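> Fold the following, please.
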Amino acid sequence: QVQLVESGGGQVQPGGSLRLSCAASGFALDYYAVGWFRQAPGKEHERVSCISSSDGITYHAESVKGRFTISRDNAKNTVYLQMNSLKPEDTAVYYCAASSGVCSPHRYDYWGQGTQVTVSS
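Residues are numbered from 1 along each chain as shown. Model prediction:
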């Protein structure tokens, strides 16, 4: 069964850190580009970060650049999103998605169910 499962979400104070994990089962994640997206109430679906399959090139949205880092561990079939210096505006449900093509804004083959991140004091 092909599946992506996110974990690592939770509640954290502003300025804090979280590391999200996206674990794949049923397929080899290293052949896929993997993106992290977020959806907050009343806001547009936003692509946060992406990492390519072949050369590990990464993309980060301007809103998170310098604070978030995407990485992958092919041996564990997992992609991570390290989130530092979190702000209340980072509050959202975070999703990972896998693409058999390149990093793109929309074209992904598999999606996870999402994990909630809440940044508040």
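> Name the residues of stretch 57-73 that are buried.
59-60, 64, 68-70, 72 (16 or more other C-beta atoms under 10 Å). Placement of C-beta: from N, CA and C, glycine included.
> no, scratch that, I was asking about stretch 26-35
In stretch 26-35, counting by 16+ other C-beta under 10 Å, buried: 27, 29, 32-35.
> Among those residues, which one sits closest to residue 118?
Distance to residue 118, by C-beta to C-beta, is smallest for residue 35 among those, at 21.4 Å.
> nearest spatial neighbour of that closest one, skipping sequence neighbours?
residue 50 (4.0 Å; C-beta to C-beta, 6 or more residues apart in numbering).
> what is the rounded mean pLDDT of stretch 78-98?
Regarding stretch 78-98, the rounded mean pLDDT is 98.
> got the buried residues for it?
78-81, 83, 86, 90-98.
> Specify the beta-bridge partners of residue 7.
Listed beta-bridge partners, residue 7: residue 21 (assigned using DSSP bridges).
> Sorry, wrong one. I was asking about residue 97.
Residues in beta-bridge contact with residue 97 (DSSP bridges): residue 35, residue 111.
> where exactly do the strands run in this structure?
For the chain, the strands defined by DSSP state E cover 3-7, 10-12, 18-25, 33-39, 46-51, 58-60, 68-73, 78-83, 92-99, 110-111, 115-119.
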